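J.: Sequence and predicted structure are below.
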Amino acid sequence: MVAAMINHPHVVSVFDPVADDDHQWLVMEYVEGESLADRIRREGGLDHAEAARIVWQVADGLASAHRAGITHRDVKPSNILVTTDGQAKLTDFGIARSQADVSLTQTGLVTGSPAYLAPEVASGSGTGPASDVWSLGATLFHVLAGKPPYDVSENMIGGLYKIVHEEPPRLSDAGSFDDVLRGTMAKDPARALVDGPGA
């Protein structure tokens, strides 16, 4: 279980798998708070200072996973928990894969949430740290704008086409975050900012 390989204050800890007859359970860290998606749904987009604080924490946790050779593959606001004291924790490594897993490089299989997929993933290519970085950038876009960068609710295929073939959307009021969004949501995975804080 790849999530158990990560020990970081901004990643939800997985302590132990438990088998009980035909049932499998995971013993995980209890986090008192709410998802980032629920908070944005209630309050709208966050101000720049709060967005920076939360996304920096998630980036730090994600960089730790990448150093352990793990790609999350589903970074999005609903997989980020914010505690009652304001700490962000990345969770749900359910489709995460180690770099040693051969399925990580298989093509033709799209995994993750469409609105946050990197172009190379949306086109059916392999995933890696750069695709997580794109998803983190798409999450930052959502945090600032109060909505995802792509609307795939009505037409998922059309949304995936835009991700693959069009330039990423930009925010006119992104301010100093504009460079961060351009660096994370880079069409070429080789140009993605793959090193997080402390990396």
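T.: Yes, it's here.

J.: how close does the residue of the chain positioned farthest from its centre get to Gly124?
T.: Distance from the C-alpha centroid of the chain peaks at Asp21, with 33.7 Å (CA atoms, centre = their mean). In this view, Asp21 and Gly124 are 38 Å apart by CB to CB, to the nearest Å. In short, each C-beta sits where N, CA and C put it, glycine included.

J.: so where does Trp25 fall, helix or strand?
T.: Taking DSSP states H and E as the definition, Trp25 sits inside strand 23-28.

J.: chain center to the helix or strand following that strand: distance?
T.: Per DSSP H and E, the first helix or strand lying C-terminal to strand 23-28 is strand 33-35. The chain centre lies 16 Å from the centre of strand 33-35; the measure is CA atoms, centre = their mean, to the nearest Å.

J.: Can you tell me what sits against the very next helix or strand once past strand 33-35?
T.: Downstream of strand 33-35, the next assigned helix or strand under DSSP H and E is helix 36-43. Outside helix 36-43, the residues within contact range by CB atoms under 8 Å, 6 or more residues apart in numbering are 46, 54, 76-78, 80-82, 88, 139, 142-143, 146.

J.: Only the buried residues of helix 36-43, if you could.
T.: Neighbour-count burial for helix 36-43, counted by 16 or more other CB atoms under 10 Å, picks out Leu36, Ala37, Arg39, Ile40.
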